[in-house]
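A.B. asks: generate coordinates for the sequence data below:
(chains A and B)
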Amino acid sequence: MITSEVSYLKSSAILKPDDLVRMYRLMLLSRRFTECSLEWYREGRLPHGLHPSIGQEAIGVGACYGLRPGDWVLPSLRTTEAFWTRDVSILQQLNAEMGNAASVSRGKEASHHAGYPGNGILSGTSIVGGSIPVAVGAGLALRMQGTDHVVISFFGDGASNRGDFHEALNLASVLKVPVVFVCENNGYAQTVPASTAMALKDIADRAAGYGMPGLVIDGQDVEAVYQATQSAIQRARTGVGPTLLECKTNRFRVHHPFFEEDRSPDEVARCWERDPIEILGARLKEKGWLGQADIERMEQQIRQELEEAIREAEAVPTPTPEEVFTQIYAESLGEMGL
Amino acid sequence: MRLLRGNQALCEALTQEMTQDERVFVMGEDVAAHGGIYRVTEGLLTCFGPTRVMDTPISESGFVGLAVGAAMLGMRPVVEIMSCGWITVAMDQIVNSAAKVRYVNNGGMHVPVVIRTVISGSGNVYTGQELEAWFFHVPGLKVVAPSNPYDAKGLLISSIRDPDPVIFFEHKSLYSMRGEVPEETYVLPFGQAKVRREGSDVTVVAYSGMVAVAEEAAHELAGEGVEAEVIDPRTLVPFDKKTIVESVCKTGRLVVVHESVRRGGVGAEIAAAVIDSDAFGYLRAPILRVTNPGVPIPFSATLRKIVSPGKDEVVAAVRRVMAYA
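C.D. replies: Have a look, this model is predicted:
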């Protein structure tokens, strides 16, 4: 960490009670969406299992909440929250999970790599860490186009061991690209503990190697994520350069429904002791900004929205067969494809 | 018309496109202050400044990824990879990012990036490689391989204006090759082969540095009374199958020449495309390929000569197919 930068990064932005309630709802929506998705996957109603973000909701919501139109994000495979916070609808993401005829890719790719240009969301790839340089390139474009927009690049602790992470941070720093790197450190790369994969405690320390500030954030505290990201965004917007934010978090569920849980029941139970939704909920209740009745109403509303969306998504047909041959190139190659 | 070397023709293409389209920018190793080790980007830094002509650290995967991201947001990056051997480091960004963006976004985003790289470079097992077949194989990529300064300029301008990712292979011999190049801006459409020499006895398909070799062979064969038709496809994806099929219908014989490795190479696909076509019934001889036999590019010039096809190998192959009645 570059100490001279720390005070700058601690400058705080104001969150109004309304904002906090909205953030609470976004996290709750993400939790329920993920739970329902996993359930629907098990029942065979969805062809694709989501990588559950349960326990990590504060990161995507806190980081994306203060973005402006014209800013961009590139989610990790687990940053489900980025989609809600950038106003993608439940139906859009369910269509994407189904790969149906109404999905944004028309069945060509699943929801977690979906791009929504209208919402400032870039599509990622399955190659963990491979999207980090792409996010930096997007930031470079925004600066070359004379805007003050920024890009947030999300990735997990596992991705920070990829060469692409290191190349991207170096390039972003040396070119002063308006990008914020948000590492969702849940301590595991699929099943491999971070302690086996890296010989340092804090990924934030890696920032020093690239001449940029790196900060450790409590990833379970949505306000802390928001504040840190806002400072980093400000730093990026004003042309000072990129920042690495390491959000310490826990994945409350198994990596993917295809996997078996390797962690001990005790370890998983300990994760639940710091539930980001509970943490913000308690704070809001204490301040009197959100009551139990409000939460129940919110729950009911979300459940209804989810039920309606899945019914609507299920009514959408699968893509037409000819869809498979479209958009490989701008024009069809025909026999010139050999 | 004035003569330019290949590297000057490429530089002129870049200069003209950067002048008329401010979305175009250049990045790579040693491309700015130094002007590129083959002088293709010479003078661009002075003309367009450091925000549009960027030297990068040795991070091929990183800066190709940057180019992809910038292209997704509407820029037109032209990236230089100093030798084809180093493009392997950026394969993930090319194959998994650049090539897939249009498809996974159903056209909602696309990647108009050009990745220029050098084939048959200073000879050794790493930098001297010709890996165009790797990219030829991947849906979503276009593959361009000019054989002369005129084509190099027109095809580079077309590549920059193309909405899809283009891998642009520059044979090292192109840089010093002189040829007529018009001063004005012009484009050459993809998927249009050029018949470099007409002939009625045998069709010789060659691209990139092998076109000159094939023409040389054709000249020698003419002395023996054999008229070879030399066709340069110019772009490998998209590929002008029609021109080649029509030629083979006329000649009944096909020899394909490429400098890269035979196994899994572009030549096999060209041969298969002809066999699959109406030309099949016209074939009077087996289709032969003149290629690297499957050897890493050796350092010693003596050894390299054995590996890389030359005029004599092309002549020998043509004589073999001519032996069939």
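
A.B. asks: which parts of the stretch 101-250 of chain B sit against chain A?
C.D. replies: B:101-110, B:139-140, B:142, B:162-164, B:191, B:237-242 (C-beta under 8 Å from any C-beta of the partner chain). In this view, the C-beta of every residue, glycine as well, is placed from N, C-alpha and C.

A.B. asks: pLDDT below threshold where in chain A?
C.D. replies: A:1-13 (pLDDT under 70).

A.B. asks: which helix is the longest one in it?
C.D. replies: helix A:17-42 (DSSP state H).

A.B. asks: so for that helix, what gets flagged as buried?
C.D. replies: A:20-21, A:23-34, A:36-38, A:40-41 (16 or more other C-beta atoms under 10 Å in any protein chain shown).

A.B. asks: these: which ones sit near chain B?
C.D. replies: Near chain B, taking C-beta under 8 Å from any C-beta as the test, no member of these is found.

A.B. asks: who's in contact with whatever residue of the stretch 201-325 of chain B ends up closest to chain A?
C.D. replies: Going by C-beta to the nearest C-beta, chain A is nearest to residue B:238 of the stretch 201-325 of chain B, at 3.5 Å. Going by C-beta atoms under 8 Å, 6 or more residues apart in numbering or on different chains, residue B:238 touches A:333, A:336-337, B:142, B:190-191.

A.B. asks: repeat the analysis, applying 10 Å as the threshold.
C.D. replies: Residues near residue B:238 by C-beta atoms under 10 Å, 6 or more residues apart in numbering or on different chains: A:329, A:331-338, B:142-144, B:189-192.

A.B. asks: ok, now residue A:178?
C.D. replies: Here residue A:178 is in contact with A:71, A:136, A:138-140, A:142-143, A:147-151, A:172, A:233, A:235-242 (C-beta under 10 Å, 6+ apart).

A.B. asks: which members of those are classed as buried?
C.D. replies: Buried positions within the contacts of residue A:178, assessed by neighbour count (16+ other C-beta under 10 Å), are A:71, A:136, A:138-140, A:142-143, A:149-151, A:172, A:233, A:235-237, A:240-242.

A.B. asks: ok, which of those also contact chain B?
C.D. replies: A:136, A:138-140, A:142-143, A:149, A:151, A:172 (C-beta under 10 Å from any C-beta of the partner chain).

A.B. asks: so where's the stretch 101-250 of chain B uncertain?
C.D. replies: If you take pLDDT under 70 as the line, the stretch 101-250 of chain B has these spans: B:122-123.

A.B. asks: now do the helices in it.
C.D. replies: If DSSP state H, counting those that start in this stretch is used as the criterion, the helices of the stretch 101-250 of chain B fall at B:101-104, B:132-136, B:149-161, B:172-176, B:210-222, B:241-251.

A.B. asks: can you redo these as TSV with mean neighbour count?
C.D. replies: Below are the helices of the stretch 101-250 of chain B laid out as TSV (neighbours: other C-beta atoms under 10 Å in any protein chain shown):
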stretch	mean neighbour count
helix B:101-104	23
helix B:132-136	22
helix B:149-161	24
helix B:172-176	19
helix B:210-222	22
helix B:241-251	20
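
A.B. asks: picking up where we left off before, elements contacting the longest helix of chain A?
C.D. replies: helix A:57-64, helix A:80-85, helix A:90-98, helix A:222-237, helix A:276-287, helix A:292-314 (3 or more C-beta pairs under 10 Å, 6 or more residues apart in numbering or on different chains; DSSP states H and E).

A.B. asks: give me the distance between the two termini of stretch A:317-333.
C.D. replies: Stretch A:317-333 has an end-to-end distance of 27 Å (criterion: C-alpha to C-alpha, to the nearest Å).

A.B. asks: quick one: that stretch to chain centroid distance?
C.D. replies: A distance of 29 Å separates the centroid of the chain from that of stretch A:317-333, by C-alpha atoms, centre = their mean, to the nearest Å.

A.B. asks: OK, contacts around residue B:91?
C.D. replies: Residues in contact with residue B:91, defined by C-beta under 10 Å, 6+ apart, are B:60-61, B:64, B:131, B:134-135, B:138.

A.B. asks: could I get the buried residue list for stretch A:66-86?
C.D. replies: Buried, per 16+ other C-beta under 10 Å, within stretch A:66-86: A:66-67, A:71-86.

A.B. asks: likewise stretch B:178-187?
C.D. replies: By 16+ other C-beta under 10 Å, the buried positions in stretch B:178-187 come out as B:179, B:181, B:187.

A.B. asks: now the residues you listed in JSON lines, with distance to residue B:253?
C.D. replies: Converted to JSON lines, the buried residues of stretch B:178-187 look like this (distance: C-beta to C-beta, whole Å):
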{"residue": "B:179", "distance to residue B:253": "29"}
{"residue": "B:181", "distance to residue B:253": "33"}
{"residue": "B:187", "distance to residue B:253": "33"}
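
A.B. asks: for these, which one is nearest chain A?
C.D. replies: Closest to chain A, out of all of those and judged by C-beta to the nearest C-beta, is residue B:187, at 15.1 Å.

A.B. asks: would you map the helices across the stretch 51-200 of chain A?
C.D. replies: Under DSSP H, counting those that start in this stretch, the stretch 51-200 of chain A gives helices at A:57-64, A:80-85, A:90-98, A:131-144, A:163-174, A:194-197.

A.B. asks: of the ones you listed, which is nearest residue A:312?
C.D. replies: With C-beta to C-beta as the measure, helix A:90-98 is the member of the helices of the stretch 51-200 of chain A nearest residue A:312 (5.7 Å).

A.B. asks: tell me the angle of the closest one relative to helix A:17-42?
C.D. replies: 30 degrees (axes from the mean of the first three to the mean of the last three C-alpha atoms, to 10 degrees).

A.B. asks: please save the CA atoms from helix A:90-98 in PDB.
C.D. replies: Presented in PDB, the C-alpha positions along helix A:90-98 are these (Å, rounded to 0.1, in the frame of the first residue of the first chain):
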ATOM      1  CA  ILE A  90     -34.800 -10.500 -13.400                       C
ATOM      2  CA  LEU A  91     -36.400 -11.600 -16.600                       C
ATOM      3  CA  GLN A  92     -33.400 -10.600 -18.700                       C
ATOM      4  CA  GLN A  93     -31.100 -12.700 -16.500                       C
ATOM      5  CA  LEU A  94     -33.500 -15.700 -16.400                       C
ATOM      6  CA  ASN A  95     -33.800 -15.600 -20.200                       C
ATOM      7  CA  ALA A  96     -30.000 -15.500 -20.300                       C
ATOM      8  CA  GLU A  97     -29.800 -18.500 -17.900                       C
ATOM      9  CA  MET A  98     -32.200 -20.400 -20.100                       C
END
